[in-house]
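# Sequence first, predicted coordinates after that:
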Amino acid sequence: MASSSNAKHKRIAEEEEDEEETLEELEGFDDFTLASSWERFISEIEAICRVWMVDGPKNLVEKGAECLSSQKKLYKVKSEMKHGTKLYSIEYYFCVPNKGKASFWDDYLHDLQLSFGVSDFMVIAPLSASGVVLDAPESTKLLSSVAIALTNCGSNWPAFVPVHDPSRKAYIGIQNLGLIFTRRFDADRIGSQVPIRLMHLEGLYELFISKFALYSVDFSASFFKVQFAMKLTYRSPPYESDDEIDSVDPEVNESKGDIVSPNHIKTQWDDDCPWTEWYSAEDPIRGFELVATWPGRVFESSLEMAELENASSFDAEKWLLCPIISSFMIDDSTWMFVGFASQIRLLVSALDMSFEAQFLDDFVSAENPASDNSKSSTTIPPPTVLDRVLKEIFHDGGHHSHHVEWDNKHSRAIKGAPLESLFAQFCLHSLWFGGCNIRAIASLWIEFVREVRWCWEESQPLPKMPSDSTIDLSACLIHQKLQMLAICIEKKNLNHDTHNSTESVGHTPSGEKLDAEADPFKEPVKDENGSYLRSYCHQDSEPSTSSSFNSSVRSPDLQKVDQVRKGSAGVVGSMMLLHSYQKMHAPYTQDAPIMTEDMHEERLHAVEVFGDAFSFSGQLERDILSSDMSAFKAANPDAVFEDFIRWHSPGDWENDDTGGSAGDGNNWPPRGKLSQRMSEHGNLWRQIWNDSPPLTVLEQKPLLDPIREGEKILHYLETLKPHQLLEQMVCTAFRASADILNQTIYGDFKPMKTRFNQLYITLASTLKPLQANNLPEKAELIGDLRRLCLVFEHIEKLLIFAASIHRKLLDVPRLSEPIFSDYFNFYLPKMGTSLESICYDQEFKTKQPVMMHERDAIASLFPPPTANQSWRKVLSMGNLLNGHEPILREIIFSINDRVEDSHYGSSIPMATMEEIQTHRMYIQGTSNDLWVALSVTSWD
């Protein structure tokens, strides 16, 4: 039973399977309701377009659409898709809403917008090396797919497909204008052998007419109302043309022999700029482009076009001027620009290597292994070059520039050497010596110090170093040391002269008499030690003009006192001595000893170590105070300690107001008392007074020993560590370079002035760690300095551009300022501190309108070509400007038609009747190149 039941079920199952197979065979057919690959491709395009349409321009920009213009008006979004085995990209170009009316020739327009007169559009192209469709059926299929997708979306965006060879810039396109009209686009290019007829406006006009004239006519005799607009671009010739330099008549050369006319000497554009002494900058402006535009006009015959071709460029409605920027202003590659910034960058690299050795000789010595790393890639210039550079550094032109006093407060905040100083000149020459490598710098410094030692040993003044007995503590330490050495050399020479004069006076014949009545104190007097003699005078004092340094005061009542009074600079007003009825005399005193920054730090450190600041400070000033007291005693033999305090420190003398005036001779002796600090027991000042003998400055020991201090300075220069030298060189190089550039004349460009002042502040803050004893990490320091070099390079480039545009447009300052402002805003995004190269694809295209009264000055930028230049060119285009034909001519022909007046309006409702553009042709080219874009509107 069980077996028979199983067999029955098995038979039933087999019968059901047979029935299903039979049904499948009977009902088997292709289901055409399922989408094909082409339909799926259209669907994908439609989905992408719907997303872009829903988002709209504003949201697309917020979602990261790519900006294609510096004015941020044209944007692009992109998507990729696959059809079969090929990948395609679909791009949507759109403009942000703009309230103003767009012009034919707006700079931000895409080539397709300008060529076909469209606004938003799409481009579909294969993802291949060429980026164009070479197969005609494939291009038609792509264009149809996009057109169907856009129709399904209800969009009227035009779509384009690049075709043929990429060099031809050929496109085909289509645009659905509702359910009635369709616009088709076609563009192609002739790259060579342009027909002569198409080089002239008359032939181009006839070419356009031929696209819509339906019958064979004589175009020259026919009349069609054609809308016309034209744009001509002129480019100024190079400023330093080799043709002009070399085109000297050989007969003239033979007649003149070896004499070369100065008119044919090639000069640089920046010959009189402040940086020319160190390098010649490439002109950032290679020339100018002048755009002349003619507005939309109606022409009815080709004869009118021929007349327009012969018209002057001055007849154009608008002139627009734009500078042609050199490539080094756009590219941030380090080798593209050579200037102070590029050389200081090399100096920073030398600073990085300076930490490898303890002494500068180690980098020059052939036996030292520490310099092996630098020898492989760096060299030392030959001795002849070294000697020449040293002569330039130590050459003193006989006058000192006022730039040391000129530099502003921002410059003085940078702890370097002043521009015209000796060390600053050494740093500037080092930038260009041997590629500014560490070995070249070390060899130059060693010879520099030897030359300084020669000046010291031969008692020759240090060139470019003032010896005015003051030390500029805001400068770097090396400059302070050289300042002090110059003072020591002067003092040493004065000591020698005083010694010789003393010997000569000792051997004066008895018959000769010195003029003791002469007044040697009309100018500041120097003692035998070279110090300028000081005299402390009361605010009401009137130094006697009859007093002399070693002569006694002529008073019949006080002959005994007058015979011992010495070193008097004159009477101190009406002040009287306390213990004798004598007028107080102000003495000549020695200057306080000059000190450099490190000497001040040593003294402050000593005060901190000893603890009692006041006591030790008085001890440190003991020599100076003792010298002043000795001179006061010599000038006032009857003076007491209280008299010295009244003269030297009036604040420590308290007058008794109950009596008469302290200086009134009728109320002698003066009444008053010492202050509390001067009255204390064991006062240091009183002790020094008691120990000080009455000596004039000529009899005293000098406070500054020039021989000892000079040798200490030379020892410092000879044993200076490499990194200490390079740190001060970096600071000085930045400061001196900035001061040189700041002398540039570039007009009233406020953005440039603001940026340069900010540069000084940035330099001071960034270089401040180099002034501290505890330097930051070397890697961090070098990184900061290299970023500073990049900032400096940006400012240097802008400054050179400002100088160039100011010179070239000196006659039209109204144009130079806005052009610089436009370029400044264009360059501003590059002015970061990133060490990576930032190269922008976009070019500077902003143009400035030229006023009618400025056209003559602008036309002078296009001088007539020379005879040598003219014969090389065959002028095939009209509209010349001072003999120069345009480098590019752009023309737009168009014709409009009212729908009801033509075959377009045969079956169209009256509500839709309006004027439409039926044909449009854009032509761009020269005599050797022609690109034509045609759009035709048809009624489907």
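Received, thanks.

# Could you use CA atoms for every contact and neighbour count after this?
Will do.

# secondary structure element for the most centrally placed residue in the chain?
With the centre of the chain defined as its mean C-alpha position, the nearest residue by CA atoms, centre = their mean is Ile795, 1.6 Å away. Using DSSP states H and E, Ile795 sits within helix 778-808.

# hang on, the earlier thing: the residue nearest to the centre of the chain and Arg755 touch, don't they?
Yes. Assessed by CA atoms under 8 Å, Ile795 is found in contact with Arg755 at 7.3 Å.

# how far away is the spatially closest residue to Phe801 that is not a sequence neighbour from Tyr92?
Leaving aside its sequence neighbours, Phe801 sits nearest to Pro284 (CA to CA, 6 or more residues apart in numbering; 5.7 Å). Between Pro284 and Tyr92 the distance is 36 Å, computed by CA to CA, to the nearest Å.

# could you say what helices and strands the longest strand anywhere in the chain packs with?
For the chain, the strand with the greatest residue count under DSSP state E is strand 285-299. Packed against strand 285-299, as judged by 3 or more CA pairs under 8 Å, 6 or more residues apart in numbering; DSSP states H and E, are the following elements: strand 226-235, strand 318-325, helix 778-808.

# For Asp135, which of these is the nearest?
strand 226-235 (34.8 Å; CA to CA).

# in the longest strand of the chain, what's buried?
Applying a neighbour-count criterion of 16 or more other CA atoms under 10 Å, one finds 285-294, 298-299 buried in strand 285-299.

# With stretch 797-807 instead?
In stretch 797-807, counting by 16+ other CA under 10 Å, buried: 797-807.

# what about the nearest residue to Asn742 once chain neighbours are set aside, helix or strand, and which?
Setting aside the residues directly before and after it, Asn742 is nearest to Phe756 in space (CA to CA, 6+ apart), at 7.6 Å. Take DSSP H and E as the rule and Phe756 turns out to sit in helix 750-767.

# Could you list the residues in contact with that helix?
Residues outside helix 750-767 that contact it (CA atoms under 8 Å, 6 or more residues apart in numbering) are 410-411, 413-415, 731, 734, 738, 742, 784-785, 788, 792, 795, 798-799, 802, 821, 824.

# on that earlier part again, need the residues that contact the following helix or strand past the helix holding Ile795.
The first helix or strand that comes after helix 778-808 along the chain, using DSSP H and E, is helix 813-827. Residues outside helix 813-827 that contact it (CA under 8 Å, 6+ apart): 70, 322, 748-749, 751, 798, 801-802, 805-806, 809-810, 844, 846-848, 850.

# For helix 813-827, could you pull out the residues that count as buried?
813, 815-817, 819-824, 826.

# Same question for stretch 300-320.
Under 16+ other CA under 10 Å, the buried positions of stretch 300-320 are 301-302, 305-306, 309, 313-314, 316, 318-320.

# In helices only, show me those.
302, 305-306, 309 (DSSP state H).

# Those into CSV, with extra columns for pLDDT and distance to Phe641?
Below are these laid out as CSV (pLDDT from 0 to 100; distance: CA to CA, whole Å):
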residue, pLDDT, distance to Phe641
Ser302, 79, 112
Met305, 85, 107
Ala306, 84, 108
Glu309, 86, 103
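
# now those as JSON lines including distance to Trp278?
Converted to JSON lines, those look like this (distance: CA to CA, whole Å):
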{"residue": "Ser302", "distance to Trp278": "60"}
{"residue": "Met305", "distance to Trp278": "55"}
{"residue": "Ala306", "distance to Trp278": "55"}
{"residue": "Glu309", "distance to Trp278": "50"}
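
# Out of those, which comes closest to Glu277?
Glu309 (49.2 Å).

# List the residues that contact the residue nearest to that closest one when sequence neighbours are not counted.
With sequence-adjacent residues excluded and distances taken as CA to CA, 6+ apart, Glu309 is closest to Gly878, at 5.1 Å. Residues counted as contacts of Gly878 (CA under 8 Å, 6+ apart) are 200, 309-311, 885.

# Pretty sure Thr379 sits against Ile438.
No. At 9.2 Å, Thr379 does not count as touching Ile438 under the criterion of CA under 8 Å.

# who's more crowded, those two?
Ile438 (31 against 16; other CA atoms under 10 Å).

# Hmm, Glu356 and that one touching each other?
No. Ile438 lies out of contact with Glu356 (CA under 8 Å); the separation is 10.7 Å.

# which residues sit against stretch 106-115?
Residues contacting stretch 106-115 (CA under 8 Å, 6+ apart): 68-71, 73-74, 104-105, 118-120, 845-846, 921-923, 933-934.

# Now do the SS call for Arg184.
Recorded secondary structure, Arg184: strand (DSSP: H, G, I helix; E, B strand; the rest coil).

# Please renumber the chain so that the first residue is 10 from this point on.
New numbering, starting at 10: the last item is Arg193.

# ok, and the closest non-adjacent residue to Thr191?
Closest to Thr191 by CA to CA, 6+ apart is Asn185, at 4.8 Å.

# Where does that neighbour sit: helix, strand or coil?
Per three-state DSSP, Asn185 ends up strand.

# thinking it is in contact with Pro167, fair?
Yes. Between Asn185 and Pro167 a contact is recorded at 7.3 Å, counting by CA under 8 Å.

# of the contacts of helix 822-836, buried ones?
Neighbour-count burial (16+ other CA under 10 Å) applied to the contacts of helix 822-836 gives 79, 331, 758, 807, 810-811, 814-815, 818, 853, 855-857, 859.

# of all the residues you listed, which comes closest to Ala615?
Of the buried ones among the contacts of helix 822-836, the one sitting nearest to Ala615 (CA to CA) turns out to be Leu807, at 49.6 Å.
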